[in-house]
Each structure stands twice: as C-alpha cells, then as structure tokens.
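Engineer: predicted model follows, preceded by the sequence.
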Amino acid sequence: DASDIEKGTYAHYMLKEMDEQPAVIRNIVQKYQNESGEITLDQSVRDLVLGRDRVYIIGCGTSYHAGLIGKQLIEQIAGIPTEVHISSEFGYNMPLLTEKPLFLFLSQSGETADSRAVLVEAKKLGHPALTITNVAGSTLSREANATLLLHAGPEIAVASTKAYTAQIAVLAVLAFDLAQAKGVDVNFDLMKELGKISSAMESVMSQKERFQEIASEYLSESRNAFFIGRGQDAYVGMEGALKLKEISYIQAEGYAGGELKHGPIALIEDNTPVIALVTQPHVHLNNRGNVKEVVARGANACVIAAEGLELPTDAFVIPAVEPLLSPLLSVLPLQLISYYAALGRDCDVDKPRNLAKSVTVE
Ligand code: G6P
C-alpha cells in the first residue's frame, strides 16, 4: 500500500525505485543462491520447464518488454525455443501451440486481467504455467503451477522501473539454471556478471545530472522522439519509448535500427531527437550506420554506447557487461532521461494521466 511506503527524501517514488535497482539485483543474487554460492532453482521449477518443447512468455506493458529480453536469454542460454506474446492479443490470435508448451507469465502485480485471461485459457487446455511476479500470493501466482518472485520490494510509481530489471535478472537466473540442468555450457558466470552489473548500475545512477542535461538538451522542445538499436538494444529502446510516453506525454517510438528505412525515417526532421543504444558488439556498426542516416536528415542523435564501442561524440558511455544482459544496465539512462523530461514538463511523474498501476479489467 502506497501510504505505508515512505518516499523518504525522494521527490518521487519513481526516482526512489530507479535508485533501488542495484540493491534489487544483489537481492536476487542472494535469494537464488544455494549454500555453495551457486545459482539454483527449486527442483519443482526445473521439473516444470524441462521436457517442455517451447516457452510462451505472456505479459503486458513493461512486463511484455522484459519478456522480449527474456526470450533471447532463454533461447541463447538454455537453448529452448521461446515466443513472446501480448496478453490481450493471445486469446484472439492464439499461435499454433507445440505439443508441450510451458506458459511463462510475467507480471509485476500478478493481477493484470489480460494476463489472467490467458492463464485461465492455458489451464483449460491442460498446459503448465510458471509465473514471475513481484507479489507473493497474487492471483497469477496462486493459479500457476509455480512462482519465481522478483524480490524487488513494492513498486508504487505507475511507470515500472525496478520490476523491469528484476524481471530480466530472474529470467536470466531461470535460463542459467535450465542450462545447468541440461548440461549446456554457458560462456559467462551469471553470479559474477550480476555483481558487476549491480556496481555498474550504481555508477550510472550516480550521474543523474548528466541525464537531466540530456533530457533538456534533446527533449525539452520536441513533441516526438525515437529510440533505435539492434538486438537487445532494440527491445530496450521499446521500453525507453514506453517510459517516455507514459510520463512525459512525448510521442515516442522504439524501433529496430534496420527498420527505420522502411517507414519511420520519413518522420525525421531537423532536430528530431533520436536516442540510440550501442551495446551489442555483433551489430554495433550496423546501428552506427543507422545513426548516420538519421543525422544526415537533421536528427539530433543522442548515442548511449557501451565502453569499448564508444565514439567521442557519444552522449554517455555505460560500462561494458555481457551483451545478453546489457539491458539491465542500458535501460537506466532511458528511465532517467524519461524522468527528467517529465519533470521538465511539470508532469505528474508518479501518477500519469489515464494510466493505472495495475489494470484489473480486460
Ligand atoms: C499497467 C502499468 C504498466 C505495467 C502493466 C503490466 O499498464 O501501468 O506499468 O507494465 O500494467 O502490469 P503487470 O503488473 O502485469 O506487470
């Protein structure tokens, strides 16, 4: 309950919750560690997932965006084919299911009606379900076969921040544990990497003034904005666009860099803000090419790059981490830029118009 949770010295819950992210990641590491310091899940969760031939991730809003990142994690770390679906579409446009599907529900609140409708449908069909949620005892948790908790602490601000990063971290734990159970080699140590990411998050959060400057330099005058990237960066850009539109009411789109030329580039004019993420080594040059294309058409490009892939003209450099997990870090600048853009417009950051924290109607 919001009234029980203090903002302390924070102006907004959103700012407090963004600041909590390094601690949430450390907490997740602790909660999913066994006595020998290894990441492990309960055998019951392993049993639920192993032997299924495909994972169907279901979610809405920010949780859906975390699912897009999770798909890459589950496929590339655990080698299990994974699809991601928007809850409200699933019932009407149900994909052809495989023989042994596992339904994986992502929901901060565990109460979203659109997602619950899919769970009811999945159970009718006799398929198992796993819920990843922040709220123990929530509807989606009670009605699924098993639950993984986010351990993120209550999230009050309507714009979800720490639940997104917590969802990605728990999805990484799940993928990593499944890989271990299957005897698949993973070329990085998840515990170490999450520790590194938590410290890197602290360093990004300690540079808030820079994001306030970026928000005022790139977004104070504009009515629209674009986020571009490739690979994981494209999905983080979609989340950045959602954050920006939710709280600052700037019309924003997140696009895969390569798709620009198939439509959105028509909208680029003098000074159109384009926020580009460059953290994925296998496609960084392609995305640099897209940045050049928009700059040639007058865009005001704000590049946020990972260390090692940066250029002197970039607006901000984030520490380099395992590229599959870089969304945990690269989303922070986008959350902060949205926050300061909203502040600059005197918007009600914690309670944006027309939105609810938890949507319990279909
Ligand atoms: C609402 C909130 C969003 C959230 C979405 C899904 O629309 O405003 O911030 O991402 O619901 O919520 P859930 O609790 O299922 O993650």
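Structural biologist: Sure thing, it's come through.

Engineer: if I look at residue 162, how far off is residue 223?
Structural biologist: In this view, residue 162 and residue 223 are 29 Å apart by Cβ to Cβ, to the nearest Å. Glycine gets a C-beta too; all of them are placed from N, C-alpha and C.

Engineer: check contacts around the closest residue to the ligand within the chain.
Structural biologist: With Cβ to the nearest ligand atom as the measure, residue 61 is the residue of the chain nearest to the ligand, at 2.8 Å. For residue 61, the contact set (Cβ atoms under 8 Å, 6 or more residues apart in numbering) comprises 160, 242.

Engineer: ok, now how distant is it from residue 242?
Structural biologist: From residue 61 to residue 242 the distance is 7 Å (Cβ to Cβ).

Engineer: overlap of the contact sets of these two?
Structural biologist: Common neighbours of residue 61 and residue 242 (Cβ under 8 Å, 6+ apart) do not exist.

Engineer: and residue 5, what pLDDT?
Structural biologist: With respect to pLDDT, residue 5 has a value of 73.

Engineer: same question, residue 94
Structural biologist: For residue 94, the predicted pLDDT is 89.

Engineer: around the ligand, pick out the residues from this protein.
Structural biologist: Residues of the chain found near the ligand (Cβ under 6 Å from any ligand atom) are 60-63, 107-109, 112, 115, 158, 160, 355, 357-359.

Engineer: most neighbours among these, please name it.
Structural biologist: Neighbour counts for those peak at residue 107, which has 31 neighbours (criterion: other Cβ atoms under 10 Å).

Engineer: so what does the most centrally placed residue in the chain have for phi and psi?
Structural biologist: Most central in the chain under Cα atoms, centre = their mean is residue 66, positioned 3.7 Å from the mean C-alpha point. Dihedral pair for residue 66: phi -60, psi -30, per degrees, to the nearest 10.

Engineer: what's the closest non-adjacent residue to it?
Structural biologist: Closest residue in space to residue 66, ignoring its immediate chain neighbours: residue 167 at 3.8 Å, by Cβ to Cβ, 6 or more residues apart in numbering.

Engineer: check contacts around that neighbour.
Structural biologist: When contacts are counted by Cβ under 8 Å, 6+ apart, residue 167 touches 63, 66-67, 70, 106, 108, 132, 150.

Engineer: so if I had to pick from residue 162 and residue 223, which one is more boxed in?
Structural biologist: Counted by other Cβ under 10 Å, residue 162 and residue 223 do not tie: residue 162 has more neighbours, with 27 against 9.

Engineer: who's in contact with residue 310?
Structural biologist: Per Cβ under 8 Å, 6+ apart, neighbours of residue 310: 278, 317.

Engineer: quick one: secondary structure of it?
Structural biologist: Taking DSSP: H, G, I helix; E, B strand; the rest coil as the rule, one finds residue 310 in the coil state.

Engineer: measure it to residue 303 for me?
Structural biologist: Distance, residue 310 to residue 303, by Cβ to Cβ: 8 Å.

Engineer: now the common contact residues for those two.
Structural biologist: Common neighbours of residue 310 and residue 303, using Cβ under 8 Å, 6+ apart, are residue 278.

Engineer: that concludes my questions; thank you for your assistance.
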